[in-house]
Each structure stands twice: as C-alpha cells, then as structure tokens.
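Engineer: Generate a structure from the sequence data that follows.
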Amino acid sequence: MHATASMRRSQRSQRAVAIVSEHAARNMAFQGLTPAFGDSSPEAIMFCKGRDLMGLPLKAPLTSLPVIYTLPLLTISMRKGTGVVTSV
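Structural biologist: Predicted coordinates for the structure are as follows:
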C-alpha cells in the first residue's frame, strides 16, 4: 500500500467492504462489484491515507491465509488497480 495515497472504504455488499483507491472504486461500480451498478461516484464510508492502514491485519479474498498485514510499497501506481498489492 502506498503510504501517501488517498484510500476509501466502500460498501461491496451487506457484509463486505473494500479499501481501495478512488479510481478502483469507480471501476468496481462498472464491474458490478458495488451495490449500485454503474454509479460513477460510489458512496464512501470513510477516507484515509495509506499510512493510516500500515501494519493493520486484513483478510485478502484470494489467499488461503486467515490474516495478512499491510506493508508500505512506494512504487504502486494509483491510476491502475486498487492501490493495494497482495503478496504472501
């Protein structure tokens, strides 16, 4: 996760939230991954910087590990993907 990047927490479903960049939140809406399909500005539950999330445990959906931890990676492009890189 990029330490200075602006991140947002968005509702994905009744039981799931996603912490992603603004760009990724908009893309997820057009992929049917948010409650309102095609909403070009999906509602954010909260905003934060990547540094606020460093070291926190999280559940990554595509790993078999129960918990992984956020670490800094300053080479992430916030214009591509979610702004979060999973490496286990």
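Engineer: Distance check, the residue nearest the centre of the chain against K49.
Structural biologist: Most central residue of the chain, judged by C-alpha distance to the mean C-alpha position with Cα atoms, centre = their mean, is V20 at 2.2 Å. With the distance defined as Cβ to Cβ, to the nearest Å, V20 ends up 14 Å from K49. Any C-beta I mention is one placed from the backbone N, CA and C, and that applies to glycine too.
Engineer: Now do the strands in this structure.
Structural biologist: Defined through DSSP state E, the strands belonging to the chain, from first to last, are 6-11, 17-20, 44-49, 57-58, 68-69.
Engineer: Comparing these, which yields the minimum mean pLDDT?
Structural biologist: For the strands of the chain, the weakest mean pLDDT is recorded on strand 6-11, namely a mean of 72.
Engineer: Surely F47 touches R8?
Structural biologist: Yes - in terms of Cβ atoms under 8 Å, F47 counts as a neighbour of R8; the distance is 5.3 Å.
Engineer: Between those two, which is the more surrounded one?
Structural biologist: Neighbours per residue (other Cβ atoms under 10 Å) separate F47 from R8, with R8 holding more: 20 against 11.
Engineer: Look up the closest residue to the more buried one, ignoring the ones flanking it.
Structural biologist: A44 (4.3 Å; Cβ to Cβ, 6 or more residues apart in numbering).
Engineer: how close does the one you found get to Y69?
Structural biologist: Using Cβ to Cβ, A44 is found at 23 Å from Y69.
Engineer: more neighbours, the two?
Structural biologist: It is A44, of A44 and Y69, that has more neighbours when counted by other Cβ under 10 Å, with 13 against 10.
Engineer: What distance do you get for that one to S21?
Structural biologist: Taking Cβ to Cβ as the measure, A44 and S21 are separated by 11 Å.
Engineer: where do the contact lists of the two overlap?
Structural biologist: With Cβ atoms under 8 Å, 6 or more residues apart in numbering applied, the overlap between the contact sets of A44 and S21 consists of R8.
Engineer: In this protein, what residue spans correspond to helices?
Structural biologist: Assigned by DSSP state H, the helices in the chain fall at 22-30.
Engineer: Low-confidence stretches in it?
Structural biologist: Across the chain, residues meeting the criterion (pLDDT under 70) sit at 9-13, 40, 42, 81-84, 86-88.
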